[in-house]
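> predicted model and sequence below, questions to follow.
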Amino acid sequence: MAAAAASPRDPHGRKRKCRPGACSGWVSPRRFPAAVCTSMDCYTANWNPLGDSAFYRKYELYSMDWDLKEELRDCLVAAAPYGGPIALLRNPWRKEKAASVRPVLDIYSASGMPLASLLWKSGPVVSLGWSAEEELLCVQEDGAVLVYGLHGDFRRHFSMGNEVLQNRVLDARIFHTEFGSGVAILTGAHRFTLSANVGDLKLRRMPEVPGLQSAPSCWTVLCQDRVAHILLAVGPDLYLLDHAACSAVTPPGLAPGVSSFLQMAVSFTYRHLALFTDTGYIWMGTASLKEKLCEFNCNIRAAPKQMVWCSRPRSKERAVVVAWERRLMVVGDAPESIQFVLDEDSYLVPELDGVRIFSRSTHEFLHEVPAASEEIFKIASMAPGALLLEAQKEYEKESQKADEYLREIQELGQLTQAVQQCIEAAGHEHQPDMQKSLLRAASFGKCFLDRFPPDSFVRMCQDLRVLNAIRDYHIGIPLTYSQYKQLTIQVLLDRLVLRRLYPLAIQICEYLRLPEVQGVSRILAHWACYKVQQKDVSDEDVARAINQKLGDTPGVSYSDIAARAYGCGRTELAIKLLEYEPRSGEQVPLLLKMKRSKLALSKAIESGDTDLVFTVLLHLKNELNRGDFFMTLRNQPMALSLYRQFCKHQELETLKDLYNQDDNHQELGSFHIRASYAAEERIEGRVAALQTAADAFYKAKNEFAAKATEDQMRLLRLQRRLEDELGGQFLDLSLHDTVTTLILGGHNKRAEQLARDFRIPDKRLWWLKLTALADLEDWEELEKFSKSKKSPIGYLPFVEICIKQHNKYEAKKYASRVSPEQKVKALLLVGDVAQAADVAIEHRNEAELSLVLSHCTGATDGATADKIQRARAQAQKK
Amino acid sequence: MAAHLSYGRVNLNVLREAVRRELREFLDKCAGSKAIVWDEYLTGPFGLIAQYSLLKEHEVEKMFTLKGSRLPAADVKNVIFFVRPRLELMDIIAENVLSEDRRGPARDFHILFVPRRSLLCEQRLKDLGVLGSFIHREEYSLDLIPFDGDLLSMESECAFKECYLEGDQTSLYHAAKGLMTLQALYGTIPQIFGKGECARQVANMMIRMKREFTGSQNSIFPVFDNLLLLDRNVDLLTPLATQLTYEGLIDEIYGIQNSYVKLPPEKFAPKKQGDGGKDLPTEAKKLQLNSAEELYAEIRDKNFNAVGSVLSKKAKIISAAFEERHNAKTVGEIKQFVSQLPHMQAARGSLANHTSIAELIKDVTTSEDFFDKLTVEQEFMSGIDTDKVNNYIEDCIAQKHSLIKVLRLVCLQSVCNSGLKQKVLDYYKREILQNPTDISYVYSGYAPLSVRLAQLLSRPGWRSIEEVLRILPGPHFEERQPLPTGLQKKRQPGENRVTLVFFLGGVTFAEIAALRFLSQLEDGGTEYVIATTKLMNGTSWIEALMEKPF
């Protein structure tokens, strides 16, 4: 296809200063045909002016090698924006069921590389379209929407409503908004239904258009204030459908005489609208229909095949591209249009910053020449960027003109601007050689600047390297710089992953030094998820291959990959993959889901997270019968002890069963002891529980515990009898307190008997009696007791307890019997400081002497104090 | 606000700020007025992180204690339960939610689990049919709480019992999580040493968790050089003996809870002449004890015998300072005196408080019983008659001294004798069974084994004591956590190492004092930051070990 510039103002006719270097003289590789300049022609040869202020250029992206058998016009065509894939459905309208003529769905990359091909076995398709996630939506006549992946893999389907079943779908559009991709359909009943986001399907049935008898001549989806509307044309009238109402609208400044609208086009950003009328007149204005931008009369009354907007973000220029069978026209706010001849059946794909045009043999891009490029390359341009590019060329030729040009820029103080212009223009160039020339010029200019921040230059070099890589024929994503920036690197990586171009994606991540979690790790994880779906590879090999590639790459979730494997029915592989998952919190739930509870248990234990262990345990408890559950526990001591703690607080009976099964008689004994206090009210019940405990202790060979338990049983029975016979409160007193209570009640005989029966040690019995008798202030009995035999606790406690009861008189009785080593203390207690001093002196004990001295108070003990001091002095002399 | 946390080599205020931020973020998630329902156990530790004023700033209008039946009325939009993940608490919460008055204005419920969310608890709430009632269910990872500039505690009183007796390593898991949080804030600790089974497990969990977190690279320059993990059961003796430092004694006698102590009020009554002892305050005097108080920082770790002289010296200095006012002649001098007045008054107040506390303690330490008990302890530790039934213990039982005191002494004797003879043990058991009571410097002359281990690690290293280490229970180990080259430390000459010593199962104030002493040694070469599952003494330790009656 030859680009025939049919503008009356031929750029070649202008005065021009053709810089040799500005013409690209590279040899094109096979897949990159030279479309810009076929000879040593000037760089601007393919620039076409529209009006006074803008140029449009068209250059080839790829020569298509897709060997199409049909004409495009015989296919349903859908091409995704942002250099996305192309889907063709051949023979969509054939009604015969014969296999040979069944529709075929083919998917190609933008460069025509086949990605998938499948026989269409489902119902008749009305329309195709790509979602923002590059999923192919096929809208069937019956309202079903079938969703396919890039590689022809069926994903899911949904319906546009039951109502459609009867009325059929006449027409459908797939559109993109900030919320995602939507579908709008027109039914046989001339009603519209739309869903603004197929990811979160909510069908909205639009209101009826009053009096609509036939299908509208054309319609489109508008998106205003974040809500999708439908604009449709019926005869000379336009209607806007929002979710509440249908209203007639009139474009301001529409030329008279229109009896029908043949085409309408909304711009990429939904901001502008173009209308093509049966008078060959094109109205261009805002999508809100509040303002007219311009109009154009092309004098062609035939309905165009396609009409799309061709504008660039932040540019003031507005233009639409209109295509007929053999003619392409760019019209805008200018009296003349740019016209091209179409050699072949072509298809237009609107993009953010231009229009892609593909046919059987070529794929081209048509866009407004960006400002920076225009500044640099426009004929006779004296813009700083243009001069800098020239200077660099001269410099390479070792000509002194380089200096002249450079001085010119510097004198105007425009070197920074020149460098920026060259960098920016490089971004908009499709050919690597031209990119390089511009970047070389920028680099050259930078040398003469003191403080030019390097980021913009470095980033542009990186971006272009990425762009050139993905534009390659084999990859086939012809993104422009503006599209790339709008799409973001993250989405681009997603798209490479979608195309299973994992190595390139990883190279890009590494080259751009993206953080691993967002970059390499994420891509490897996607690769692994793809890998597990390869059913012909054995579990071992897949698991090994994945682990070899992923290793401990940070941010890779093995459990996600395992979940995917499990989803594909490869449980064994999932388990193998989970082995590599370091996070138990992720590992365990999936294992449980896969019914590998025992494995889950050991993983939970490994993690040390007891909550996780408990979770698995309770799961196991429900899953297994009791015997198996207990056996499992037996092999996992940590789990067993945790479960025991759980039972102690939550399920006492189970605890008993656990001990029983382990023949843990010691714990069983303790269990029954506790039960005798907690569960039983009646004496008989308590004694019975204690008996069970004692039996258990015997089995555990814990004689002591068994005997102690029996003693307690005996004591309980005895206390009961005491209560019956003597009245008062005995139950639950300790043995010691029982004896004390008996003494306090005057039942000395019984107390003695009890002490003997239970073998209370002599010493404690003495303490007991001493305390009880002193409490009773039964001094006579106490004295008798003290003389009953030699006290095993000495006599100081007698002195102490009398003093405590404020009976110095009684205390003195015992002081004399206190053993020599405690005598001083006793004498001091009864207040006999003088005698205490004598004893201390006699003992020649320094500690005792100080003790007595500290008790000497004032005048009364003055003499004693002196005596001690003298004794001390004497002791020191010796 | 919490200046005492930033005095040390490691600014623990960073940790405090981090947990405060987390708390604020959670509170702000529940927009509107709030009431907090507290698991009572948490109020103490939370007090160290956030005062009521912080909560109030975030629209917390009411606070209740978690208990059964219906929640008290409160005209708030949100009700937030701050709870430990325990099943019995879930039951109470469910009861609260289910008995909510439907006629009243609807309130939003939320749960904040401290320190971790629990699937088990959520399952319980689900079984009780209330899980859906909670809008936010989150966790607040308050593992290690900063107590002082060099001291962190998890305040988990059951940690020892759970880890060493019940085989429940929940608190070890929390300890490991807490250490990960610390490393996130203070950099990866390059070397980990440890002694004991639990230490081994915590180190394993840390290494495992580090693997889980790979990717979120930690680029903080490491503040700690070493981590020393010590099992409490490596040294069971130390906490059983009576602590003899000032702080240790306050804890032994009155119990320090979350850095607060409650003291009998009599000694703190304002002294006025002719008051005649009327109007004595009846409410316990509550004091906060930390290094923010200059005087306390100076005397806390001293042997109690040395405290008296410091206090009297301080008294002289302060009264001299007050006397200065007579010398102040010029306006400038008076002005300078006045400017120092608030500080002097604070110092005087502090001195008065500690003089009173010292008097209270002295009453105890000079008692005959205290002396007797100490004598027995020292005899045991010197290995005297540890294999026989001890007279003093016997008398304590006969005289109905507190059960814990008796048990503590029996345990001490047992540890010193490497286990009691069966006959002796049975005798004690019988005695206690027959007469139970109601269940209702540094260590003078003895250096704690735990602290010795830390000291020997720093110099000359554990390799020199392999033989000894082998006698102690549990494995000893060493792990290195690789650091990126950029973060490796080049130590300046004379710059001390910082070692974090983590006591798994509790630590006493006296042990802390001993480590602080090592930190202060000029040629010690190492400064210590101490972390533990619980600040404890022998009494609180045994109390936690006792089976709770049900």
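Alright, I've got the coordinates.
> show me where the stretch 1-150 of chain B has its strands.
Taking DSSP state E, counting those that start in this stretch as the test, the strands found in the stretch 1-150 of chain B are B:34-38, B:60-65, B:78-83, B:108-113, B:134-139, B:145-148.
> reformat those as a markdown table; add distance to chain A and mean pLDDT.
To be clear about C-beta, it is placed using only N, CA and C from the backbone, and glycine gets the same treatment. Shown next, in a markdown table, are those (distance: least, CB to the nearest CB, whole Å; pLDDT from 0 to 100):
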| stretch | distance to chain A | mean pLDDT |
| --- | --- | --- |
| strand B:34-38 | 21 | 94 |
| strand B:60-65 | 21 | 93 |
| strand B:78-83 | 14 | 94 |
| strand B:108-113 | 10 | 94 |
| strand B:134-139 | 10 | 92 |
| strand B:145-148 | 21 | 93 |
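> in TSV: the ones you listed, plus mean neighbour count.
As requested, the strands of the stretch 1-150 of chain B are arranged in TSV below (neighbours: other CB atoms under 10 Å in any protein chain shown):
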stretch	mean neighbour count
strand B:34-38	22
strand B:60-65	15
strand B:78-83	23
strand B:108-113	22
strand B:134-139	16
strand B:145-148	26
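> what about these, which gets the closest to A:E516?
strand B:134-139 (27.1 Å; CB to CB).
> what angle separates that closest one from strand B:108-113?
Computed by axes from the mean of the first three to the mean of the last three CA atoms, to 10 degrees, the angle separating strand B:134-139 from strand B:108-113 equals 10 degrees.
> one step back: looking at the strands of the stretch 1-150 of chain B, which is nearest to A:A196?
That would be strand B:134-139 among the strands of the stretch 1-150 of chain B, by CB to CB, at 28.6 Å.
> how far off centre is that closest one?
Centre-to-centre, strand B:134-139 and its host chain are 28 Å apart (CA atoms, centre = their mean, to the nearest Å).
> on that earlier part again, turn the strands of the stretch 1-150 of chain B into CSV, including distance to A:V341.
As requested, these are arranged in CSV below (distance: least, CB to CB, whole Å):
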stretch, distance to A:V341
strand B:34-38, 74
strand B:60-65, 77
strand B:78-83, 71
strand B:108-113, 69
strand B:134-139, 66
strand B:145-148, 80
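> list the helices and strands the helix or strand hosting A:I357 packs on?
Using DSSP states H and E, A:I357 sits within strand A:354-359. Applying 3 or more CB pairs under 8 Å, 6 or more residues apart in numbering or on different chains; DSSP states H and E, one finds that strand A:354-359 contacts strand A:346-351, strand A:362-368.
> send over stretch A:605-612 as CSV, restricted to the C-alpha atoms.
Presented in CSV, the C-alpha positions along stretch A:605-612 are these (Å, rounded to 0.1, in the frame of the first residue of the first chain):
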residue,chain,number,x,y,z
ILE,A,605,3.9,-28.5,64.6
GLU,A,606,7.1,-27.6,62.7
SER,A,607,6.0,-24.0,62.5
GLY,A,608,5.6,-23.7,66.3
ASP,A,609,2.4,-21.8,65.8
THR,A,610,0.2,-23.5,68.4
ASP,A,611,-2.9,-21.9,67.1
LEU,A,612,-2.3,-23.6,63.8
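> can you tell if that stretch touches chain B?
Yes - part of stretch A:605-612 sits near chain B under the criterion CB under 8 Å from any CB of the partner chain, namely A:606-612.
> next step: these restricted to helices.
A:606-607, A:610-612 (DSSP state H).
> what subset of these is buried?
Buried members of these, counted by 16 or more other CB atoms under 10 Å in any protein chain shown: A:606-607, A:610-612.
> my read is that B:K62 contacts B:V76, right?
Yes - at 6.2 Å, B:K62 counts as touching B:V76 under the criterion of CB atoms under 8 Å.
> which residues do the two both contact?
B:34-35 (CB atoms under 8 Å, 6 or more residues apart in numbering or on different chains).
> number of residues surrounding the one residue in the stretch 551-700 of chain A that gets nearest to chain B?
Residue of the stretch 551-700 of chain A nearest chain B, by CB to the nearest CB: A:P554 (2.7 Å). Using other CB atoms under 10 Å in any protein chain shown, A:P554 has 16 other residues around it.
> related to what we said a few turns ago, show me which pair in the buried ones among the ones in helices among the residues of stretch A:605-612 next to chain B is furthest apart.
Largest pairwise distance in those, by CB to CB, is 14.1 Å, between A:E606 and A:D611.
> quick one: contacts for residue 301?
Picked chain A for this. A:278-280.
> wrong one, I was asking about chain B
B:D301 is in contact with B:245-247, B:512-513, B:516-517, counting by CB under 8 Å, 6+ apart.
> would you list every one of the strands in the stretch 151-300 of chain A?
Counting by DSSP E, counting those that start in this stretch, the strands of the stretch 151-300 of chain A are A:154-159, A:169-177, A:180-187, A:192-195, A:204-205, A:218-224, A:227-234, A:237-241, A:246-249, A:261-266, A:272-277, A:281-286, A:292-297.
> outside of the shortest one itself, list whatever touches it.
By CB under 8 Å, 6+ apart, the list of residues contacting strand A:204-205 from outside reads A:161, A:163, A:191-196, A:243.
> try 7 Å this time
A:191, A:193-195, A:243 (CB atoms under 7 Å, 6 or more residues apart in numbering or on different chains).
> nearest to B:A297, of the residues you listed?
For those, the nearest to B:A297 is A:S195 (69.9 Å; CB to CB).
> quick check, the residue in the stretch 401-550 of chain B closest to chain A?
For the stretch 401-550 of chain B, CB to the nearest CB, closest residue to chain A: B:N435, 3.5 Å.
> pretty sure that residue contacts A:T738?
No - applying CB atoms under 7 Å, one finds B:N435 not in contact with A:T738, separated by 10.3 Å.
> A:R721: neighbour count?
Based on other CB under 10 Å, the number of other residues close to A:R721 is 11.
> pretty sure it is in a helix, no?
Yes - assessed with DSSP: H, G, I helix; E, B strand; the rest coil, A:R721 lies in a helix.
> now do the contacts for it.
Going by CB under 7 Å, 6+ apart, A:R721 touches no other residue.
> count of neighbours near residue 478?
As the question left the chain open, I've gone with chain A. Neighbours of A:P478 (other CB under 10 Å): 25.
> looking at chain B here, not the other one
Around B:E478 there are 14 residues (other CB under 10 Å).
> okay, and it sits in which element?
Per DSSP H and E: strand B:476-480 holds B:E478.
> tell me which residues of that strand come out buried.
Residues B:476-477, B:479 are the ones in strand B:476-480 that count as buried (16+ other CB under 10 Å).
> gap between stretch B:90-101 and the chain center?
32 Å.
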